[in-house]
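Colleague: compute the structure for the input listed below.
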Amino acid sequence: AYSTTRALESSSAGQYTSFFIAAYDRYRNPQTSDGFFFTTMLTHIRTGRRVLTKSVYSPSQGYIGFYTVNLAGDWIVSVQRTGEELLVVYNSLVSVGPVGLNTNPLQVIPGITTGETTVVQHLVTTGRDVSNSNGFADEDFLLLAIAGLQADFLITTYDQFYNQLTQGGEQFVVQVGLLNEGSYVDNDDGTYTSSYMMTIAGFYDLQVYVNQQSVTGSDPGNLFDFARQAFPLIVMGAETKPANCFAGGAGLFFAAAGEKAKYTVTAVDKFFNDKINGGDYIVSQMKGFSPLNLTAEDNSDGTYTFNFVRTLSGQYEIDIEVLGTRFYTSGDRKLKVVPSTIDASSRASGAGITTSEVFKINKLHKMKIELQDSFGNNITTGDMASFKVFIVTGTGDMRDF
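Modeller: Model (predicted):
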């Protein structure tokens, strides 16, 4: 068995490879007609996988052995007839026995890089960790980057048979959103390190192309969105900058005694991106008749809520600190807590209501009504039409009342 194209020395995965078999009878007469059968068996040294083929005959070329293997690596090649090994011309040397036992093995290198099998390894998060996740379920994975930080990810190239390439030379296009391109470095071992940086937080499509094909493989798997032909990417805000945060809500300015009120803080980074994830430590102080310290409730979406109930009416100054830095103070716009509704604890007093006074017919009698809510706050505003006075006891004739 011999080859003029090194078919017994090297090949590539998925490639049809053939070699010649010079057939002779016992007297060294060449066989010029069909009728003999030769087998070629290849054994993968690492895995033990085997491939078996049978020779074909061509009137113009004689007997031809062939093979096609999809697994890259080193192979032992045995060419036999009726169980006996043929002589093999290998690298201009004649060898007895299988190629790879007494000689160097057949080397099968990976085939052409394909986008379907090439793999992207990128930092990921889940829909559970991202509020307002644009339709992603809690268990869905998506790529993660942080605004202002360089995001690096690894591209590992494979051929269509999932053989990992071991040398570089490929050309890639890395696209982030519509206007941003990433760069990459060839590591000369079949892997490539790609980088990009974004400063505007939000959802993006990350697209990677090789050989005019979309790279769709990922680790962990199933990250590629075939409908969008891209990897979904979330760019989260950078570290919160207290000076850029803002507070809002009616509870900053108005509340009623005994009723729940609230105000919120929205965390913002140095690029003025609203944060969409939690984790910041935010506290508030109320200064006034009854001071109160509050710790924000983290909503895990970049917003934080202060819930409170005040029972003592009056004005309060509110301060808010983010990560130990004060960013909000009420100033002239203090929180006003008004009394609750009128309670039975309100008091009436004066000559018009005492039991010791003798009332005279057709004389105007007056009394003072001091209104309070259930928390003892004085109610200082109201409508006279809201009150009526009933005389419910007495000994005189009913016509006299």
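
Colleague: every contact and neighbour count from this point should use C-alpha atoms.
Modeller: Fine.

Colleague: per-residue confidence for Asp140?
Modeller: For Asp140, the model assigns a pLDDT of 79.

Colleague: again but with Val392, I slipped
Modeller: The pLDDT attached to Val392 in the predicted structure is 64.

Colleague: same check, this time on the one 5 residues further on
Modeller: At Asp397, the pLDDT value in this model is 57.

Colleague: let's number from 12 now, not from 1
Modeller: Yep, numbering from 12; the last one is Asp408 now.

Colleague: would you map the helices across the stretch 12-161 of the chain?
Modeller: Along the stretch 12-161 of the chain, no stretch is classed among the helices by DSSP state H, counting those that start in this stretch.

Colleague: burial count for the residue lying closest to Lys286 once chain neighbours are set aside?
Modeller: With Cα to Cα, 6 or more residues apart in numbering as the criterion, Lys286 has its nearest non-adjacent residue at 4.5 Å, and that residue is Gly313. A count of nearby residues for Gly313, using other Cα atoms under 10 Å, gives 21.

Colleague: could you measure Gly313 against Leu303, distance?
Modeller: 24 Å (Cα to Cα, to the nearest Å).

Colleague: any idea which residue sits dead centre in the protein?
Modeller: Thr136 (3.1 Å; Cα atoms, centre = their mean).

Colleague: surely it touches Ala156?
Modeller: No: between Thr136 and Ala156 there is no contact, the gap being 9.4 Å when judged by Cα atoms under 8 Å.

Colleague: okay, now the unreliable bits of this structure?
Modeller: 12-13, 15, 102, 141-146, 362-370, 393-398, 401-412 (pLDDT under 70).

Colleague: follow-up on the earlier one: ok, the residue nearest to Lys286 - contacts?
Modeller: Contact analysis of Gly313 by Cα atoms under 8 Å, 6 or more residues apart in numbering lists Thr277, Ala278, Val279, Asp285, Lys286, Ile287, Asn288, Gly289.

Colleague: who wins for neighbours among the residues you listed?
Modeller: Among those, Ala278 has the most neighbours (other Cα under 10 Å), with 29 neighbours.

Colleague: contact partners for the residue nearest to that one when sequence neighbours are not counted?
Modeller: Nearest-residue entry for Ala278: Cys256, 5.0 Å, with adjacent residues in sequence omitted and distances by Cα to Cα, 6+ apart. With contacts defined as Cα under 8 Å, 6+ apart, the neighbours of Cys256 are Val276, Thr277, Ala278, Val279, Asp280, Phe338.

Colleague: could I get the full set of helices for the stretch 212-361 of the chain?
Modeller: Chain-ordered helices for the stretch 212-361 of the chain, with DSSP H, counting those that start in this stretch as the definition, do not occur.

Colleague: which ones among the contacts of Cys256 lie within strands?
Modeller: With strands identified by DSSP state E, the entries of the contacts of Cys256 that belong to them are Val276, Thr277, Phe338.

Colleague: pick the one among these closest to Thr168.
Modeller: Of all the ones in strands among the contacts of Cys256, the one sitting nearest Thr168 is Thr277; the distance, using Cα to Cα, is 42.8 Å.

Colleague: now that closest one: how far from Thr306?
Modeller: Thr277 is 14 Å from Thr306, where distance means Cα to Cα.

Colleague: again, but for Val90
Modeller: When distances are taken as Cα to Cα, Val90 and Thr306 turn out to be 80 Å apart.

Colleague: quick one, which of these two is more surrounded?
Modeller: More neighbours sit around Val90 than around the other of Val90 and Thr306, counting by other Cα under 10 Å; the figures are 25 against 16.

Colleague: quick one: that one and Thr64, what's the gap?
Modeller: 10 Å.

Colleague: between the two, which contacts overlap?
Modeller: Both Val90 and Thr64 are in contact with Thr50, Thr51, Met52, where contact means Cα under 8 Å, 6+ apart.

Colleague: and the nearest residue to Leu305 once chain neighbours are set aside, how many residues sit next to it?
Modeller: Spatial nearest neighbour of Leu305, chain neighbours left out: Ser295 (5.1 Å); criterion: Cα to Cα, 6+ apart. By other Cα under 10 Å, 19 other residues sit near Ser295.
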